[in-house]
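J.: the amino acid sequence is not available; the structure is as follows:
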């Protein structure tokens, strides 16, 4: 395990044993992530070289853009699992859920309970980067009344909240748990997002982490996570992902 007295450490020493990446886009040809089965395998092998071998991958479900059905997602999962087995790579564990945009399609899926979860009842949801839904808190209430627990993906990336930090407290108090994109700590998405990510961590508001990997460029930037500062911020929460593991 890493030492906090180092200035930095290799990416292979950052994550605890059994760490599960709960946010990624590894299924081929289904969203803006991996395009082919070859790319899916390449990304998973790269993650494995970093010491992460357990994944619940989460393709986008978004009205008018990626209208992926639960069956389509699970079929793609099975395709990747078959390829992993064929290549003697079954040490890489893969399950699938989804990253749901809080839009009109999500409302219909919620009514039908046609949703793929992390763990038994946890949903990974996201908002537009332009603005939050006007009925956000109503949607949250409906999710909870339907028996689901919502995780808000990458809250640090919603720049419209950056000058109103109190809204993060309101979202937490209302019942959202927060999932941080690890790349936010490297400056990959910009300095303002990095600052908010650090602030959320320092205030103990982040519950889970994820890579949100879409392509190899993300994984090259991933190597920069292991700074002394980041390790101090991340150490208390990296183990939390195990709560949502489908493999234990």
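T.: Structure's in. What do you need? All of these numbers come straight from a predicted model, not from anything done at the bench. Numbering: from 1, shown residues only.
J.: ok, residues contacting stretch 104-117?
T.: 61-63, 67, 69-70, 73-74, 96-98, 100, 123, 125, 139, 142-143, 146, 148 (C-beta atoms under 8 Å, 6 or more residues apart in numbering). C-betas here are computed from N, CA, C, even on glycine.
J.: looking at those residues, which are in helices?
T.: 70, 73-74, 139, 142-143 (DSSP state H).
J.: put the buried members of those into a PyMOL selection.
T.: In PyMOL, a selection of the buried entries from the ones in helices among the contacts of stretch 104-117 looks like this (16 or more other C-beta atoms under 10 Å):
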select buried, resi 70+73+139+143
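J.: can you give me the pLDDT of residue 33?
T.: Note on residue 33: pLDDT of 98.
J.: and it, which of the three is it?
T.: coil (DSSP: H, G, I helix; E, B strand; the rest coil).
J.: correct me, but it touches residue 25?
T.: Yes - using C-beta atoms under 8 Å, residue 33 is in contact with residue 25, at 2.5 Å.
J.: quick one: common contacting residues for these two?
T.: 59, 213-214.
J.: go through those and name the one nearest residue 9.
T.: In terms of C-beta to C-beta, no member of these lies closer to residue 9 than residue 213, at 20.3 Å.
J.: tell me how many other residues crowd that closest one.
T.: When neighbours are defined as other C-beta atoms under 10 Å, residue 213 has 27 of them.
J.: leaving out sequence neighbours, find the closest residue to it.
T.: In this structure, residue 213 finds its nearest non-sequential neighbour in residue 24, 4.6 Å apart by C-beta to C-beta, 6 or more residues apart in numbering.
J.: surely residue 219 meets residue 45?
T.: No - using C-beta under 8 Å, residue 219 is not in contact with residue 45; the gap is 10.2 Å.
J.: the two: which is more packed in?
T.: Set residue 219 next to residue 45 and count neighbours by other C-beta under 10 Å: residue 219 wins out with 19 against 14.
J.: next up, phi/psi of the nearest residue to the more buried one once chain neighbours are set aside, please.
T.: Closest residue in space to residue 219, ignoring its immediate chain neighbours: residue 46 at 4.9 Å, by C-beta to C-beta, 6+ apart. Per-residue torsions, residue 46: phi -60, psi -40 (degrees, to the nearest 10).
J.: same question for residue 54.
T.: Phi and psi for residue 54, reported as degrees, to the nearest 10, are phi -120, psi 130.
J.: got CSV for the shared contacts of residue 33 and residue 25, with secondary structure, pLDDT and distance to residue 85 too?
T.: Listed next are these as CSV, based on DSSP: H, G, I helix; E, B strand; the rest coil; pLDDT from 0 to 100; distance: C-beta to C-beta, whole Å:
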residue, secondary structure, pLDDT, distance to residue 85
59, coil, 98, 21
213, strand, 98, 22
214, coil, 98, 24
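J.: just give me the closest of those residues to residue 81.
T.: Using C-beta to C-beta, residue 59 is the member of the shared contacts of residue 33 and residue 25 that sits closest to residue 81, with 14.8 Å.
J.: spit out the contact partners of that closest one.
T.: Contacts of residue 59 by C-beta under 8 Å, 6+ apart are 25, 27, 30-31, 33, 66, 68, 73, 76, 96, 98-99.
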